[in-house]
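Q: predicted coordinates and the sequence they were generated for:
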Amino acid sequence: MNPDARIGRALAPVDPPDGFAQRVRARVEREIQPTPAPRNRVTRLLAIAATVLAVLAGPLAWHEYETRREALAARAQVLLALQIASRELNSAHRKVVRPVSPALAATAAGAPEKEGRP
C-alpha cells in the first residue's frame, strides 16, 4: 500500500457519533458547578480575618522591631562609653601608682639617694 494513501486515510475527517455534542455539553455543565455557598462564605471570612489580623499586627511588629533596634544602639553606646572611661581610668591609675623614675620616688619619699648607682 502506498504510504501517501495510508496517511490520507489516517487523516481523513471522521464524523462523531450521534449525540456526541450533547454529551460534551452536559459533561461541561456538570463540571462547572459553582462551589457551595457556605464553604465559599467561610473561606471568604477566613481570608478577611487574616487580612485584618495582618493589618493590625503589622504596626505592632514594626514597633517591636524599632524598639529592639533602638535598645541595641543604646547598648552599643553604653559599651563604648564604658570602654572610654576604663581606658581613661587606667591611664590615670598608671600615672598615680607608678612614678616617673625610681630616683624621683626616693626623693619624694625623703630617702637619701645612694651614690655610686646610676
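A: Received, thanks.
Q: show me where the protein has helices.
A: 3-10, 20-31, 37-97, 102-109 (DSSP state H).
Q: mind putting the ones you listed into a markdown table with mean neighbour count?
A: C-betas here are computed from N, CA, C, even on glycine. Converted to a markdown table, these look like this (neighbours: other C-beta atoms under 10 Å):
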| stretch | mean neighbour count |
| --- | --- |
| helix 3-10 | 9 |
| helix 20-31 | 10 |
| helix 37-97 | 10 |
| helix 102-109 | 11 |
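Q: which of these has the lowest average pLDDT?
A: When those are compared by mean pLDDT, helix 102-109 comes last with a mean of 62.
Q: geometric centre of the chain: which residue is closest?
A: For the chain, the residue nearest the mean C-alpha position is Tyr65 (11.0 Å; C-alpha atoms, centre = their mean).
Q: hmm, who's touching stretch 56-66?
A: Residues outside stretch 56-66 that contact it (C-beta atoms under 8 Å, 6 or more residues apart in numbering): none.
Q: what about it, distance to the chain center?
A: Distance of stretch 56-66 from the chain centroid (C-alpha atoms, centre = their mean, to the nearest Å) equals 14 Å.
Q: check stretch 4-19 too.
A: On C-alpha atoms, centre = their mean, the centre of stretch 4-19 falls 62 Å from that of its chain.
Q: for stretch 66-78, same thing?
A: Counting by C-alpha atoms, centre = their mean, stretch 66-78 comes out at 18 Å from the chain centroid.
Q: what does stretch 53-64 give?
A: 15 Å.
Q: stretch 84-96 too?
A: With C-alpha atoms, centre = their mean, you get 42 Å for stretch 84-96.
Q: again with stretch 52-71
A: The answer for stretch 52-71 is 13 Å, by C-alpha atoms, centre = their mean.
Q: what do you get for stretch 18-27?
A: Distance, centroid of stretch 18-27 to centroid of chain: 55 Å (C-alpha atoms, centre = their mean).
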